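> let me see the structure of the following:
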Amino acid sequence: MLTGSLKLHPVDLLSYMAPLALFECLIMASITGELAGISKRWYAELQPSVDIRPMAVCFGSGILAFSLNITSLFANKLTSPLTLCIAANVKQVLIIAVSTMFWRIPISFMNGMGIIVVLIGSARYSYVSVLENQTQTSKKKSTPIKNTGNEDLEKGDEVHSPKSPPHLNTLPNQRSAANFIRV
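Below is the predicted model:
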């Protein structure tokens, strides 16, 4: 929904998803008895005139949840699901590594090797992704442009300079091996 034919903005997508999520949460809250518990405690503890903190916590958590959802939707729009999965794995491994150091919990050799493998694999994936992005941007920049005279140049047109040999005016994948070596 964020890419493809619809290309919704993350805020628009969230505005479509939020009412359905609210409806589902209200149904589950009534089934589990949370709504009944809140209504019993409302006048004694939870009403804003009695104590503002429960309402402040509720609004603060709503703002944080909204921010998390918007950030997540923007990340989903800008990256691939595989990248998000790898980032989540790295986050989990780093949480484990930091918590074992903080709480001084010994880890086994296999756990340590698992942490190292995940970190090396994600670093390798990041390196390959950066290389692929660089080659894609360099291909976009090296698109040949045609010149048909005094007309304005348009994307996809080809420009031939009288001083440069014709093999320099083609894309690298269009050159022959001999011409590619000469350049």
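
> give me the phi and psi for residue 7.
phi 50, psi 60 (degrees, to the nearest 10).

> pLDDT at it, what is it?
Residue 7 is assigned a predicted lDDT (pLDDT) of 80.

> so who does the residue most central in space within the chain touch?
In the chain, the centroid-proximal residue (CA atoms, centre = their mean) is residue 75; its distance is 2.5 Å. Counting by CB atoms under 8 Å, 6 or more residues apart in numbering, residue 75 makes contact with residue 84. For the C-beta atoms, the positions are set from N, CA and C on the backbone; glycine is no exception.

> again, only this time at 10 Å
2, 10, 83, 84, 87 (CB atoms under 10 Å, 6 or more residues apart in numbering).

> list the buried ones in the strand or helix carrying residue 30?
Here residue 30 sits within helix 10-32, counting by DSSP states H and E. Of the residues in helix 10-32, 10, 13, 14 count as buried by neighbour count, 16 or more other CB atoms under 10 Å.

> show me what that helix is packed up against.
Here helix 10-32 touches helix 34-41, helix 53-78, going by 3 or more CB pairs under 10 Å, 6 or more residues apart in numbering; DSSP states H and E.

> in a markdown table: those helices, plus mean pLDDT.
Compiled in a markdown table, these are given as follows (pLDDT from 0 to 100):
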| stretch | mean pLDDT |
| --- | --- |
| helix 34-41 | 91 |
| helix 53-78 | 90 |
